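Visitor: Sequence first, predicted coordinates after that:
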Amino acid sequence: MSPDAEANATKGLPENARRRLEPGEVYVPVASAETGVPEITGRSLALGFLFCALFSMAAAYLALVVGQAIEAAIPIAIVAVGLARFFPRRSSLIENVIITSIGANSGCVVAGSVFTIPALYMLAADPAMGVPLPNVLQVVLVSFLGGCIGILFLVPLRYSFMVENHGVFPWPEATATTEVLMTGESAGDSAKVLGLSAALGAAYDGVVTTFHGMASTINCQVGTAGVVLRKYFLTLRFSNFAALLGIGYIIGLKYDAILCAGSLLSFWVLVPIVKAVGSFAPAIVAPGTKLISAMTPDEVFRSYVRIIGVGGIAGAGIMGVVSSMPSMVRSIAANLRSLGHQDTREARAVPRVDRTLSTTFVAVGLVISAVLCLLFFSYGLGLGTSFGVAVVATVVVMAIAFLFAPVAARAVAIVGTNPISGMTMVTLILTGMVLLRLGLSGGRGMFLTMMVGGVVCTALSVSGGFATDLKVGHWLGATPARQIGLKFFGTFVAAIGCGVAMYVLARQPGGFGSAAIPAPQASAMKTILTGIFGAGSSGLQWYLFGLGVLLSLLLRMCAIPALPFSLGMYLPIDLNTTLLLGGLVGHFVNHKRAADSEASVKARENRGIIVASGLMAGGALMGMGDAVLKMCVGEAGQSRLHLLGDAAFGSLSGQWLAMGGMLLLALWTLLYSRRAKVPAG
């Protein structure tokens, strides 16, 4: 990087980076030189693709366990800047932008796939459904095709979002990532913190899962508390995993409390009510498989109460789309305008920092993507789909991706979150209805509908995340054409990582939808599918689903976020109580005392986020490693590594060790984060 660019990086972003430009004013990024700016190097490619592969597997694991996709850009940016000091030549600022941009594909691609495709694994587990089991190649193709379509539909919007609307949107995620990339030496110190916490998270979760050194679940069934809980048919548990503590810290106390409130409503109100009333039922009440009077709290939850949570997730997602309608109309109009003016901009000589891909490239890419989708839906699914049905499915994918890609990008630009769940549910409903009219029903209809939904969901997820990457590059001075080109390769790597992760996790005991791997978003998609195609749904199940939709509406009327509350109702209580513990640790880390300066509070906040990210990433990667080990050697082979043995794993000694371990981990996170020093200068 040029000396001027290095000086600008030390000073920070230009004054006009986040405000509207005056007439005639031009934004000059940090690295504005036309030549001599290292971007695509062996180092940036190798690190970018490595982080993309690792974080895609970690993201898949966490999204399937807690229903939340992780934002990989910030920890990747921290590590990229931190590793720069170990090379003879320090990485340039723009090299680190490229590393972060490639690696960030992981969370985006994974979110699109794991929110949809696991529903097919759940349906395939029931032979009566007639749904074939997806294979790894199909999962990879769904992820890759969707990612490419999302990138291509966003390219014409780049000029509108980055240049014409400069300073209009707040870009919360892009702001956080940019701040990390600009911090230089302080981010390098943070890389050590991230490495330490990641190692601790991996070691802690390895002791729990691989070595069975302490219990994986803390059951509060000892002493007076246990007597009271059993008497009133109540449940209180904590999951003993560092990854969950870290993700609870990052989510924040507010949303952790809402998630936990949903669990408390399920396990402390609805489960006891169903048990009390259902005990008088003389016969089995579908969808349960035994008398309610003979059920445990977890069986009541899985058979009845969890369905209410699924309805709440669906209702919250659809309401998110409805509330986004005004923004959707504006985004579609901007997309059409951008397409109309693209050729005019290309005719002018543009600086390096504004060079993008041509309209011809985008058009050809979209045609190729449409043809590949047509071939995939015709021959790649193994359903014997007719050409006409495949054409309709392809048209649905391209049309909805075109309409919703700007919505996803605008949502990320404004609030930092992407309402892909709701838009995917709308896609499933529309596609399912169309396929039914075309005579495609049963397992074949559900399989094709979900594959269409998977492509669309991935396209929308990638388009939202890509908008953030482009904004970071716009502020700092990356070449858009190079960012865009590398996005396709990063999407391919992330798709492979996601396919491998899903293959491994689907073969764990219980599979998707079990207590170990709840896959809440995919469960909501599964319920919608069975409702559309009329497969295996009892009247009571739809009543409970509708009750959840109504509850989400009431929550929205009360200004309570319906999606996290409904997720809390669906997820096992032990996950959400540990998330709440992580949120409480974060609250006390960030608590400002009278003697604290703003700089010291900010330093603690930054270190706390880094520590939590490390615990989350290390624990998630260890969870994937343990799943691979189980698949390779089986439970019998892995039992040789168990320290306490399977019998002692859930014993009283294992419980006390787990309780002490989790308290010590929380205390270490609190004290280590609060010891952060204010960076010099």
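Guide: Thanks, I have it.
Visitor: Got the phi and psi for Asn219?
Guide: phi -90, psi 120 (degrees, to the nearest 10).
Visitor: now it: how far from Ala225?
Guide: Here Asn219 is placed at a distance of 10 Å from Ala225 (C-beta to C-beta, to the nearest Å). Just so you know, the C-beta spots here come from the backbone N, C-alpha and C atoms, and that holds for glycine as well.
Visitor: Settle it for me: which of the two has more neighbours?
Guide: Using other C-beta atoms under 10 Å, the more surrounded residue of Asn219 and Ala225 is Asn219, with 17 against 12.
Visitor: these two touch, right, the more buried one and Arg237?
Guide: Yes - contact criterion C-beta atoms under 8 Å: Asn219 and Arg237 qualify, at 5.4 Å.
Visitor: and Ile218, that's in a helix?
Guide: No - using DSSP: H, G, I helix; E, B strand; the rest coil, the assignment for Ile218 is strand, not a helix.
Visitor: isn't it right next to Leu244, touching?
Guide: No - shown here, Ile218 and Leu244 do not form a contact pair, counting by C-beta under 8 Å, at 11.9 Å.
Visitor: if you count what's nearby, which of the two comes out ahead?
Guide: The neighbour count for Ile218 versus Leu244, taken as other C-beta under 10 Å, is higher for Leu244 (28 against 24).
Visitor: Look at that one and report its pLDDT.
Guide: pLDDT for Leu244: 89.
Visitor: can you give me the helices in the stretch 201-350 of the chain?
Guide: 223-231, 242-251, 253-265, 271-278, 297-300, 306-323, 325-347 (DSSP state H, counting those that start in this stretch).
Visitor: Pick out the shakiest of those helices, pLDDT-wise.
Guide: It's helix 325-347: among the helices of the stretch 201-350 of the chain, that one has the lowest mean pLDDT, namely a mean of 54.
Visitor: Check which element follows it along the chain.
Guide: helix 359-375 (DSSP states H and E).
Visitor: Run the chain-centre distance for the very next helix or strand once past that next one.
Guide: The helix or strand immediately downstream of helix 359-375 is helix 387-415, counting by DSSP H and E. Offset of helix 387-415 from its chain centre (C-alpha atoms, centre = their mean, to the nearest Å): 19 Å.
Visitor: what's the residue sitting furthest away from the middle of the chain sitting at in phi/psi?
Guide: Distance from the C-alpha centroid of the chain, by C-alpha atoms, centre = their mean, peaks at Pro282 (43.5 Å). Torsion angles at Pro282 (phi, psi; degrees, to the nearest 10) stand at phi -80, psi -10.
Visitor: what's the pLDDT at it?
Guide: pLDDT, read off for Pro282, is 88.
Visitor: Repeat that for the one 3 residues further on.
Guide: At Val285, the model reports a pLDDT of 85.
Visitor: now swap in the one 10 residues further on and tell me
Guide: In the prediction, the pLDDT value recorded for Met295 is 91.
Visitor: hang on, it packs against Ile284?
Guide: No - contact criterion C-beta under 8 Å: Met295 and Ile284 do not qualify, at 10.3 Å.
Visitor: Which residue ranges of the stretch 501-650 of the chain form helices?
Guide: 520-533, 539-557, 562-570, 573-590, 598-638, 645-649.
Visitor: so after the last one, what's the next helix or strand?
Guide: Tracing the chain past helix 645-649, the next element assigned as helix or strand by DSSP H and E is helix 652-674.
Visitor: For that next one, enumerate the helices and strands it packs against.
Guide: helix 185-209, strand 217-219, helix 242-251, helix 573-590, helix 598-638 (3 or more C-beta pairs under 8 Å, 6 or more residues apart in numbering; DSSP states H and E).
Visitor: how does it look with 7 Å?
Guide: Contact partners of helix 652-674 among helices and strands, from 3 or more C-beta pairs under 7 Å, 6 or more residues apart in numbering; DSSP states H and E: strand 217-219, helix 242-251, helix 573-590, helix 598-638.
Visitor: Alpha carbons only: can I get the third one in CSV?
Guide: What it means is helix 573-590. Output of helix 573-590 as CSV, limited to C-alpha atoms (Å, rounded to 0.1, in the frame of the first residue of the first chain):
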residue,chain,number,x,y,z
ILE,A,573,-34.5,-25.2,27.5
ASP,A,574,-30.9,-26.3,28.3
LEU,A,575,-29.7,-24.4,25.2
ASN,A,576,-31.4,-21.2,26.1
THR,A,577,-30.4,-21.1,29.7
THR,A,578,-26.7,-21.4,28.7
LEU,A,579,-27.3,-18.6,26.2
LEU,A,580,-28.8,-16.5,29.0
LEU,A,581,-25.7,-17.1,31.1
GLY,A,582,-23.5,-15.9,28.3
GLY,A,583,-25.6,-12.8,27.9
LEU,A,584,-25.3,-12.1,31.7
VAL,A,585,-21.5,-12.4,31.4
GLY,A,586,-21.6,-9.9,28.6
HIS,A,587,-23.8,-7.5,30.6
PHE,A,588,-21.3,-7.5,33.5
VAL,A,589,-18.3,-7.1,31.2
ASN,A,590,-19.8,-4.1,29.6
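Visitor: Cool, thanks, talk later.
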